[in-house]
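Chemist: Quick one: sequence plus predicted model below, questions after.
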Amino acid sequence: MSSSESLLLSVACKKKPECATTYKDPIEKIKLTCEMQVQSLKCAELAKENPEWAPLMRRCDLDSLCKQNDDFLREQGVACLRGYKNAMIDLGISLKDMAVSLGGFIEKSWEGFKENNKKRAEFLRECDKLLSCKRDLVKDDHRYNKLSDADLEKYPATFLYIEAQDMKAYMSSIRRMTPKPYVPISERPMAEDVQLSVEQRNKLGALKNMVMDTLNKQYQRYSCYNALAQEELACYAIGNVIDPTILVGGYFLKGGRAAVAAGRGIKAEVTALEAAELAKATEATKIVEASRITESASAKTSGSTVTQAQRNADNSDIIAKRRKSDQEVGKNSSTTSSTRSAGFKDREGLIRKYLEYSPTTVAQNEKWISLANSGTKSKATFLDVENSQMKVLNDSLKDKNLVTGLTNYHKDLLLSNVKALEKEFPGLIVDPYSDFKSMRFSFSGKVPKDLEARLAKVFKETNIEFNTYLKENGIIRSVEKSDQWFRAGIGQSADQANLAARYSRQLSENELQAYSKSELQIMMRQKLSDIEKDRQSLRQYFGKTNLVSGQTFDTDVYDIVRKGAGDTTKISKDLANRFGTAALDTSQVKALERYVKAADDFSPGLYIAKRETPHFNEATMGGLSADMIGMGGANLKGTAEALAGKTNLDKVLESTRLAEKTVTHHFVEQKKAFQEVLQKSVDPGKLQTVCSGDDCVAIASKPLSIQDKESVMKNLAQTKYSGSFRLSFVSDGVKDASARNILATHGESVEKTLRKSLGSSMEPAKLKGLTFGVDMQTTHLNSGGVKLIVGQSPLVRLSAREREQIQKAFKEAVESLNNDLRAQRKSASYSAVN
């Protein structure tokens, strides 16, 4: 209901006898709209299915509308605050860290939306509509905070935000920021403090606008509830800044909330004594207690729904039992689980301990690979555990060493727990395997009948310990869903287990998935059928274009779709530019996205016997990193070709494995060509190369001159792999090893952005003939000069305009990196140099 409708009802309800004629038409319109929504959303069924929610449902007769509106106007602030506090509990925020006044909640949420990467665009769009918001952005920036309203209105919110962040970074660099003093709970504003300033009311309205579209879209029955309940839901969504719809669909399933929202009151604050007791508990127990205290203060409803608090309690029990068990057996090894002795307390310690950690030897990997290559003939059971979010983490954290350390730490925990299982069954033979993103096992010999259930427990406990330790020590943010990063599958062959692990990515519950499960079999067979239908339909549509290749599509199609996932407009534009087609039909491009994503679910795992970790830890003289472009697209193309015309799931696993071996052979040849280029480009022994997967690092024994770097780029561009490498040069003189590694990652990020930008404007054949090297000409992290070195194929001729276009896009790519780093609250001032 809009504010104007609420005001109209307020007036009409006070003058009911007289409103028959004066307010008849608008009131009838409100009633009709209400009835249509209630009927179309089947709200009566919702109330019937959940009787305890009935008091929350909208009623459309005039008396009910009047009462609901009156309740809303009287209790709006309390309902909003209640929704916020429950959001904090579900996110695991302890009561001592909550803002317990409504004004405090609004200010905290406002800053949260402003700083959140995913929500910033939404925030700035809304901010453009409010002068007060623009004032808030520049309140600490003396260059803009004294401008008149008319002058400030001329600036877009995006510009003001970037300017304010620059000023904030500058001020932080010249003075030490004073932390806010801790205020005891007993001295904070009480929960009933719901008074708002005009500015805070405007902010609350803007925050609601930011989440409302998503709420209505993803939880359509939101409109079934009365205005007061809707207010609580909206503020709950605002409190969950990272994902405004998280848990909203089941919000009123939480114990006691239906009664609370119906207006039976809540005591939202705890006494000082309760707070003191709360502070003594472990972090996991804090979450449980916070939920228990708040929920017990409200009227209780019947039902056996499992709440977030109960899930946290279960997790706490698991950890407590493991701790007790470990104390009993006296385990002190640094390679055991996190709750025993992790051996690190911060990111630097994690990287030091786990960057080069390898849980298996080359011989162990080779033995496992031989078993895996036997398929189901090996008569073994296979477990596959993979970091399903590695690419996302590399792109978001911009620190490959940190991601490697996190992945290896999880492997260590998992291996420790599997070894404990092996000791429990003396006749059980366990063969392990590990690579850059996966930990795999085969189980043979005297296999326990309940092996699957035991491994499911091992996987769950590993994730809990991993997640708990990292968050307790502040190594990752509390909002990170690190218990969802690793996915696991089990099967009678390695490929079956891998497919089950990939299938798990689609599920919200992160549990071990078995290839033999009927649900998996049905879903994957249906997916095969859908893939084949899409393939035939898409080939018919794109049949007269260069997109079609073999039984499916060109490798670049997969690369463009994979990298542009979710942005249909950009994919369409990049495809049209790359293949010289007219504008593509949006529905067909979306079908192509669906096809590529579904095909990727069948991509087999890679087997690597000898694993080395490329890094710059010893590169005191500098060096270069190289990333092979398009490996993901080539693997996807191979998988899609193997799927064409197939319907039998077991046969599909065989054909995709064969395709993977062919693609891997191609990349081995590409890697070999790269190493040969380095050897002939610089003096003998000047560069020592280490490669893993599609990443290589060349460490310099002497500083590389600009001539050395240009020679590498020129010779690489003259091979058939021109345009297939992404290079980043790190200078000598960077004293900190971590800084060297991050500088290389920053260079790769600039190249990615540059190539992506040029992909929508430059002639594809020319772009493919260009190899870009980003020279980080600085000894300081996050600042200094950055130069572009271009390797040009002999077949490519660039005009003066195209060279200018490349340099312009390069400068924009450097600034894009700065903005990304500033968004992470890092002071960044890289500058592009000629």
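Modeler: Perfect, thanks for sending it.

Chemist: Is there a neighbour count for Lys449? I'd like the number.
Modeler: For Lys449, the tally of surrounding residues (other C-beta atoms under 10 Å) stands at 7. Where you see a C-beta, it was placed from the backbone N, CA and C, and this is true even at glycine.

Chemist: Give the helix, strand or coil label for it.
Modeler: In three-state terms, and counting by DSSP: H, G, I helix; E, B strand; the rest coil, Lys449 is coil.

Chemist: just the CA coordinates of the lengthiest strand in the chain, formatted as PDB?
Modeler: Residue-count comparison of every strand in the chain, with assignments taken from DSSP state E, identifies strand 783-792 as the longest. The C-alpha trace of strand 783-792 is given here as PDB (Å, rounded to 0.1, in the frame of the first residue of the first chain):
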ATOM      1  CA  SER A 783      50.600   2.400  -6.400                       C
ATOM      2  CA  GLY A 784      53.100   3.400  -9.100                       C
ATOM      3  CA  GLY A 785      53.400   3.200 -12.800                       C
ATOM      4  CA  VAL A 786      51.900   0.500 -15.000                       C
ATOM      5  CA  LYS A 787      53.000   0.100 -18.700                       C
ATOM      6  CA  LEU A 788      51.500  -1.900 -21.500                       C
ATOM      7  CA  ILE A 789      53.700  -3.900 -23.800                       C
ATOM      8  CA  VAL A 790      52.100  -5.200 -26.900                       C
ATOM      9  CA  GLY A 791      53.200  -8.300 -28.800                       C
ATOM     10  CA  GLN A 792      51.900  -8.000 -32.400                       C
END
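
Chemist: What's the first helix or strand after it?
Modeler: Going down the chain from strand 783-792, the next helix or strand is helix 800-823, by DSSP states H and E.

Chemist: quick one, whatever helix or strand comes next after that following helix and strand 783-792 angle?
Modeler: Reading on from helix 800-823 to the C-terminus, the next helix or strand found by DSSP H and E is strand 829-833. When axes from the mean of the first three to the mean of the last three C-alpha atoms, to 10 degrees is applied, the directions of strand 829-833 and strand 783-792 differ by 40 degrees.

Chemist: Could you pull out the buried residues of strand 829-833?
Modeler: 830, 832 (16 or more other C-beta atoms under 10 Å).

Chemist: for it, the distance to its chain's centre please.
Modeler: What separates the centre of strand 829-833 from the centre of its chain is 28 Å, taken as C-alpha atoms, centre = their mean, to the nearest Å.

Chemist: now swap in stretch 596-613 and tell me
Modeler: Using C-alpha atoms, centre = their mean, the offset of stretch 596-613 from its chain centre is 20 Å.

Chemist: end-to-end on that stretch?
Modeler: Here the two ends of stretch 596-613 are set 30 Å apart, with distance taken as C-alpha to C-alpha, to the nearest Å.

Chemist: Let me know the average pLDDT across that stretch.
Modeler: Averaging pLDDT along stretch 596-613 yields 86.

Chemist: and Glu45, which of the three is it?
Modeler: Local secondary structure at Glu45 is given as helix here, using three-state DSSP.

Chemist: now Cys34, nearest residue through space, not along the chain?
Modeler: Across the structure, with C-beta to C-beta, 6 or more residues apart in numbering as the measure, the residue nearest Cys34 apart from its sequence neighbours is Cys60 (3.9 Å).

Chemist: ignore the last one, Thr664
Modeler: Leaving out its chain neighbours, Thr664 is closest to Leu606 (C-beta to C-beta, 6+ apart), at 6.8 Å.

Chemist: can you pull the contacts of the residue nearest to Asp574 when sequence neighbours are not counted?
Modeler: Residue nearest to Asp574 in three dimensions, not counting chain neighbours: Ile560, with 4.8 Å by C-beta to C-beta, 6+ apart. Counting by C-beta atoms under 8 Å, 6 or more residues apart in numbering, Ile560 makes contact with 571, 574-575, 578, 633, 759.

Chemist: could you dump the residues you listed to JSON lines with pLDDT and secondary structure?
Modeler: JSON lines is the format used below for these (pLDDT from 0 to 100; DSSP: H, G, I helix; E, B strand; the rest coil):
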{"residue": "Ile571", "pLDDT": "91", "secondary structure": "helix"}
{"residue": "Asp574", "pLDDT": "86", "secondary structure": "helix"}
{"residue": "Leu575", "pLDDT": "89", "secondary structure": "helix"}
{"residue": "Arg578", "pLDDT": "83", "secondary structure": "helix"}
{"residue": "Gly633", "pLDDT": "88", "secondary structure": "helix"}
{"residue": "Gly759", "pLDDT": "82", "secondary structure": "coil"}
